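S.K.: What follows is a predicted protein model with its sequence.
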Amino acid sequence: MFKKTLTFIFKILIFIPLLSGLIFFTFPFGYAQDISFSPNGDSAIHNRWVDSVFAKMTDDEKLGQLFMAEVSSKWTETDNRFLNVENLVRDYHIGGVIFFYGGPVRQAQLTNRLQSAAKIPLMIAQDGEWGLAMRLDSTVVYPRNLCLGAIKNNELIYELGREIGRQCNRLGVNIDFMPCVDIYDNPSNTVIANRSFGSNIINVAQKASSIVAGMTDYKILTTAKHFPGHGNTNVDSHEALPLISDSRERIDSSALYPFKYLINNNIGGVMVGHLFIPAFDDGDEKTPSSISKNIIGELLIKKLNFNGLVFTDALQMKGVSANYASGELEVRAFEAGVDVFLMPSDCKKSFQAMKEALKSGRISQAEVDRRCKKVLLAKKRMGLNRFSNVKTYNLYNDLNSGSAKLLAKTMYENAVTLIKNDLSVLPVRNLPEKNVAVVSVSKDGVLTDFERRFQHFADVKLFTVSKNADNKTFDTLINKLQDFDMVVVGMHDVNSYPKNFGLTDNAVAFVEKLSENQTVVLDLFCSPLAVGKFQNYKNISSIIISYDDTDISKTVSAEMITGALPFLGKLPVDVNEDFKEGLSIVTESFRL
């Protein structure tokens, strides 16, 4: 017995050092701390892959990593515009490209060619705030952000982020310039609108964080935009420089809230908007935030402790390019604290301007090196240290899987919002026993999937009218509808942008006049703010917000009205005193 005990103790003594050595030598050093922070906000990059790549780079190659150029998969491989980008990759060593409109297979082919021309794998970006379909055909269409803001269950938003991340990964995209976290607190905003998750700062932050978490599962770098907040303006920064007149206190408590939330949750990137904010830059120059030392260097980097990649918004936009020459613009952005210049008007000219600024001592090589290493570290985290070409075989089917399509329907099933339901007329019970008419008001006066879906449940009567019809035509239709128990009006070919949301005065007058004497259900396939165009909305029995005018949203909304699905969504923005953010009328489904 004593001998067995000694043998057992001996084995343990041998096993412990062996186990310690095994743990030590198999520890995943690649996931050790990559950045060490110093008190002044600087960071020193410590990563073996970054160090090995950086050691072999020329100064021009280091500088080139700070540039991203525009490319489109509508271009062919022999198009001069594409050849120019290929030249930028090969001879100017740019760090990445951003793809715009086109198709997935064409984009994959161009991506592979550009990657083959690059010495260091490229960042491949997409501006897909609600998925690839924002820019590419032949891909699954997901709801806009305003619609997502109506969903109560943030786990669904996370699942959407995972699916969009999976699709990006499959297509060779490693950056998605999303989420847009601007607060929709100005109804006159023409550029943000349905790109925002809504007017509630907590809801916006949580939705954005959830979708980012899902994207991160597939190593997709995301960027919170448009810092420090593009919500409270009525000017489009694509066309001019918007003014944000809010105080620092209001900006801090409202517009900055989602950015701070995401930074605290380690988002990898922030995109700075082209905005003039006197609260931070009160000089005569009207310095855009995208080149402002106060906003980028002091606020974003120092005060908010952001250590990820700082991107400009597209530098071709008139909000900044109208008053600053290409080259000088990029130098000033660099001085302000920007890491990556997105879409310079003239990359070659900007590259030379940066070299001249280095030569003159206006900027330092040490700072270029530091920011180059930040870009390389981001590439490593994207998995570009193990880069492989995009496989085009079965790409379409992989992007358009059955589960990807089902997820789009699930989003709308949880988002479509009932905001008015007098006498609980919805959902319609005993539909086959009732005399119901369904009217399509659309640009061309045609039936859509919304109206046709009703006939799956009962023999309802269908009518169509153009939204551009004259009052006489609308009055004739009202006469035809006067004997029906209920009239459901689907308002199509509308949009989410003020000032009229795509509604015509005659179409609005038609609904208001019809609802004076009949039970009317109005379904708006656009922004909830469009309700404000109906002065006599109190006469309308039920009002539904379906947000997007897609085939799926139309089908889902019809199924909710008929009781096949419940209404679950909540209002993501304030409309007026009767329809406040958070309003939610929930119903139960039942079998017909």
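M.R.: Received it, and whenever you're ready, just let me know what you need.

S.K.: so the most centrally placed residue in the chain bridges to which residues?
M.R.: The residue lying closest to the centre of the chain (C-alpha atoms, centre = their mean) is Glu129, at 2.1 Å. For Glu129, the beta-bridge partners under DSSP bridges are Gly131.

S.K.: shaky segments in the stretch 1-150 of the chain?
M.R.: 1-46 (pLDDT under 70).

S.K.: Which residue ranges of it form helices?
M.R.: 2-26, 48-55, 59-64, 80-91, 104-117, 145-148 (DSSP state H, counting those that start in this stretch).

S.K.: Give me the phi and psi for Leu309.
M.R.: Main-chain torsions, Leu309, degrees, to the nearest 10: phi -80, psi 130.

S.K.: What residues are bridge-paired with it?
M.R.: On the basis of DSSP bridges, Leu309 is bridged to Gly269.

S.K.: List the contacts of it.
M.R.: 221, 223, 268-270, 339-340, 374-375, 378 (C-beta atoms under 8 Å, 6 or more residues apart in numbering). To be clear about C-beta, it is placed using only N, CA and C from the backbone, and glycine gets the same treatment.

S.K.: Switch those residues over to JSON lines; also include neighbour count.
M.R.: Output for these, formatted as JSON lines (neighbours: other C-beta atoms under 10 Å):
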{"residue": "Leu221", "neighbour count": "25"}
{"residue": "Thr223", "neighbour count": "30"}
{"residue": "Gly268", "neighbour count": "22"}
{"residue": "Gly269", "neighbour count": "22"}
{"residue": "Val270", "neighbour count": "26"}
{"residue": "Asp339", "neighbour count": "23"}
{"residue": "Val340", "neighbour count": "25"}
{"residue": "Lys374", "neighbour count": "22"}
{"residue": "Val375", "neighbour count": "24"}
{"residue": "Ala378", "neighbour count": "25"}
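
S.K.: just checking, which of these belong to helices?
M.R.: Using DSSP state H, the subset of those located in helices is 374-375, 378.

S.K.: could you check the distance from the residue nearest to the centre of the chain over to Val204?
M.R.: 13 Å (C-beta to C-beta, to the nearest Å).

S.K.: low-scoring stretches of the stretch 251-400 of the chain, by residue?
M.R.: Within the stretch 251-400 of the chain, no range satisfies pLDDT under 70.

S.K.: Correct me if wrong: Ser557 contacts Phe450.
M.R.: Yes. When contacts are counted by C-beta atoms under 8 Å, Ser557 is listed as touching Phe450 (6.3 Å).

S.K.: Find the residues that touch each one of those two.
M.R.: With C-beta under 8 Å, 6+ apart, Ser557 and Phe450 have common neighbours 523, 525.

S.K.: Show me the strands in the stretch 351-500 of the chain, by range?
M.R.: For the stretch 351-500 of the chain, applying DSSP state E, counting those that start in this stretch gives strands covering 417-421, 436-442, 461-466, 486-491.

S.K.: Same check on the stretch 101-250 of the chain?
M.R.: Using DSSP E, counting those that start in this stretch, the strands found in the stretch 101-250 of the chain span residues 123-126, 175-176, 221-227.

S.K.: could those strands go into JSON lines alongside distance to Ser210?
M.R.: Putting the strands of the stretch 101-250 of the chain into JSON lines (distance: least, C-beta to C-beta, whole Å) gives the following:
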{"stretch": "strand 123-126", "distance to Ser210": "19"}
{"stretch": "strand 175-176", "distance to Ser210": "15"}
{"stretch": "strand 221-227", "distance to Ser210": "12"}
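
S.K.: of all those strands, which lies closest to Asp246?
M.R.: Taking C-beta to C-beta, strand 221-227 is the member of the strands of the stretch 101-250 of the chain nearest to Asp246, at 14.2 Å.

S.K.: if we look at that closest one, which residues are touching it?
M.R.: The contact list for strand 221-227 (C-beta under 8 Å, 6+ apart) reads 123, 174-182, 208, 211-212, 215-216, 237, 258-259, 262-263, 267-273, 275, 289, 295, 300, 309, 311, 313, 378, 381-382.

S.K.: Pull stretch 364-380 out as PDB, backbone CA atoms only.
M.R.: Provided in PDB are the C-alpha atoms of stretch 364-380 (Å, rounded to 0.1, in the frame of the first residue of the first chain):
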ATOM      1  CA  SER A 364       6.100  63.300 -38.600                       C
ATOM      2  CA  GLN A 365       7.200  59.900 -39.900                       C
ATOM      3  CA  ALA A 366       6.700  58.500 -36.400                       C
ATOM      4  CA  GLU A 367       3.000  59.400 -36.500                       C
ATOM      5  CA  VAL A 368       2.700  57.900 -40.000                       C
ATOM      6  CA  ASP A 369       4.400  54.700 -38.700                       C
ATOM      7  CA  ARG A 370       2.100  54.600 -35.700                       C
ATOM      8  CA  ARG A 371      -1.100  54.900 -37.700                       C
ATOM      9  CA  CYS A 372       0.200  52.500 -40.300                       C
ATOM     10  CA  LYS A 373       0.700  49.900 -37.500                       C
ATOM     11  CA  LYS A 374      -2.900  50.600 -36.300                       C
ATOM     12  CA  VAL A 375      -4.100  49.700 -39.800                       C
ATOM     13  CA  LEU A 376      -2.000  46.600 -39.900                       C
ATOM     14  CA  LEU A 377      -3.300  45.500 -36.500                       C
ATOM     15  CA  ALA A 378      -6.900  46.000 -37.700                       C
ATOM     16  CA  LYS A 379      -6.000  43.800 -40.800                       C
ATOM     17  CA  LYS A 380      -4.700  41.200 -38.500                       C
END
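
S.K.: which residues touch that stretch?
M.R.: 34-35, 42-45, 47, 49-50, 53-54, 57, 59, 62-63, 65-66, 95, 120-121, 123, 174, 221, 268-269, 308-309, 334, 339-340, 354, 358, 385.

S.K.: sorry, back to before: distance of the residue nearest to the centre of the chain from Ala333?
M.R.: Glu129 is 23 Å from Ala333, by C-beta to C-beta.

S.K.: Quick one: classify Leu315 as helix, strand or coil.
M.R.: Three-state assignment for Leu315 (DSSP: H, G, I helix; E, B strand; the rest coil): coil.

S.K.: Spatially nearest residue to it (excluding sequence neighbours)?
M.R.: Pro344 (4.9 Å; C-beta to C-beta, 6 or more residues apart in numbering).

S.K.: Can you give me the neighbour number for the closest residue to Phe567 other than its chain neighbours?
M.R.: Nearest residue to Phe567, sequence neighbours excluded (C-beta to C-beta, 6+ apart): Leu418, at 4.1 Å. Residues contacting Leu418 under the criterion other C-beta atoms under 10 Å number 27.

S.K.: close enough to count as contact, Leu418 and Ser541?
M.R.: No. Look at Leu418 against Ser541 with C-beta under 8 Å: they stay out of range, at 11.4 Å.

S.K.: got the strands of the stretch 351-500 of the chain as JSON lines, with mean pLDDT and distance to Pro566 columns?
M.R.: As requested, those are exported to JSON lines (pLDDT from 0 to 100; distance: least, C-beta to C-beta, whole Å):
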{"stretch": "strand 417-421", "mean pLDDT": "98", "distance to Pro566": "9"}
{"stretch": "strand 436-442", "mean pLDDT": "98", "distance to Pro566": "20"}
{"stretch": "strand 461-466", "mean pLDDT": "98", "distance to Pro566": "25"}
{"stretch": "strand 486-491", "mean pLDDT": "98", "distance to Pro566": "18"}
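
S.K.: how many other residues sit next to the closest residue to Val573 other than its chain neighbours?
M.R.: In space, and not counting its chain neighbours, Val573 is closest to Ser199: 4.5 Å by C-beta to C-beta, 6+ apart. Using other C-beta under 10 Å, Ser199 has 24 neighbouring residues.
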